[in-house]
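>>> Mind folding the following:
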Amino acid sequence: MEEKICEIDSEEYFAPGHRACAGCGAAIAVRHALKAAGKEVIVVNATGCLEVFSTPYPETAWRVPWIHGAFENAAAIASGIDRALKHMGKRDKINVLVFGGDGGTFDIGFQALSGATERGDNFCYVCYDNNAYMNTGIQRSGATPKFAATTTSPAGKKVHGKTEYKKPMPLIMAAHGAYVATANIAFPMDFISKVKKGLEFRGPAYIQVYASCPRGWRIDSSMTVEIAKMAFEARVTPLYEIEKGIVAISRKPQKHVPVSEYLKAQGRFKHLNEAEIKELQENIDKEWDRLLKLEETKIMI
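Down below sits the predicted model:
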């Protein structure tokens with residue numbers, strides 16, 4: 001059940017005035033996640049856009065305890081904090097919240113995340129999914145959609161952007177036994193509710209939030225929320241939860257937007273031809289049907 005506006009903490013734990021790009025979806029996601037966590041929280045932050053724009057020495061946007069880890073070991077740090085708090089008898093009073101981009105989650109940080117989840121350590125990991133390594137120059141990641149143009153998957157005459165589909169991280173994490181949820185910055189109440197649920201879960205929780213990046217996606221900064229909502233309506237980013245391996249769709253689009261509208265609104269897809277758009281639409285339809293079947297049959301992942 002989604003939170004009501006009156007139930008949301010009015011205090012700001014992520015200070016305005018940080019150095020994120022205008023329209024940064026990651027900054028929006030962090031602000032909402034911290035409202036779910038409250039002030040009794042320790043944040044672990046993997047290297048990436050968020051770490052860079054929120055902590056330019058000697059300034060910081062964090063109004064809660066925060067620790068920066070390397071690209072690859074944020075989940076390992078969270079494991080250590082979880083164990084230390086348990087040893088001190090304070091674990092029930094303090095939340096442990098991790099933030100990592102898709103590069104530091106899908107790819108470089110996956111080993112530590114997989115290990116911590118397999119051990120059953122208690123933390124909530126939020127992946128702000130902006131579809132590439134944005135901080136270091138918009139390189140492709142395991143989260144980059146097929147055919148998207150990045151600096152390491154350029155749209156050339158023969159090869160049109162990335163050649164692989166996006167890695168199914170929520171399903172991978174569900175197979176580890178974690179509480180899993182997908183979210184979207186266009187639906188903050190749903191996201192806040194899921195972060196709260198993830199923090200209350202006794203064990204590892206993984207929440208993947210779709211966070212638009214104007215610079216990397218080649219959109220105007222005013223379109224940050226609009227393009228995220230369009231992704232939901234085109235079924236590019238379904239909203240669902242997975243508990244004990246069972247899928248439950250959180251909400252379904254009231255209207256269906258063809259994926260072509262979503263793609264044509266972004267510069268990173270401007271090179272696509274009709275055959276490629278058709279392929280992407282067919283894949284989205286297939287994955288949506290797969291999700292509906294998982295929910296209907298209650299087959300465990």
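>>> how many other residues sit next to residue 57?
By other C-beta atoms under 10 Å, the residues close to residue 57 number 5. (C-beta placed from N, C-alpha, C; glycine too.)
>>> SS state for it?
Under DSSP: H, G, I helix; E, B strand; the rest coil, residue 57 falls in the coil class.
>>> How about the one 10 residues further on?
Three-state call for residue 67 (three-state DSSP): strand.
>>> how far away is it from residue 25?
23 Å (C-beta to C-beta, to the nearest Å).
>>> Equivalent analysis for residue 215, please.
Residue 215 is 11 Å from residue 25, where distance means C-beta to C-beta.
>>> which one of those two has more residues nearby?
residue 25 (26 against 15).
>>> Count the residues that sit near residue 212.
When counting by other C-beta under 10 Å, one arrives at 30 neighbours for residue 212.
>>> How about it: what's its closest non-neighbour residue?
Nearest residue to residue 212, sequence neighbours excluded (C-beta to C-beta, 6 or more residues apart in numbering): residue 25, at 3.9 Å.
>>> Which residues are in contact with the nearest residue to residue 182 once chain neighbours are set aside?
Nearest residue to residue 182 in three dimensions, chain neighbours excluded: residue 208, at 5.2 Å (C-beta to C-beta, 6+ apart). Counting by C-beta atoms under 8 Å, 6 or more residues apart in numbering, residue 208 makes contact with 126, 127, 129, 169, 170, 180, 181, 182, 183.
>>> With residue 202 instead?
Applying C-beta under 8 Å, 6+ apart, the residues near residue 202 are residue 122.
>>> Assumed it was part of a helix.
No - assessed with three-state DSSP, residue 202 is coil; it does not lie in a helix.
>>> ok now stretch 278-285, how far from the chain's centre?
Distance of stretch 278-285 from the chain centroid (C-alpha atoms, centre = their mean, to the nearest Å) equals 22 Å.
>>> and what of stretch 189-208?
The mean C-alpha position of stretch 189-208 is separated from the chain mean by 12 Å, C-alpha atoms, centre = their mean.
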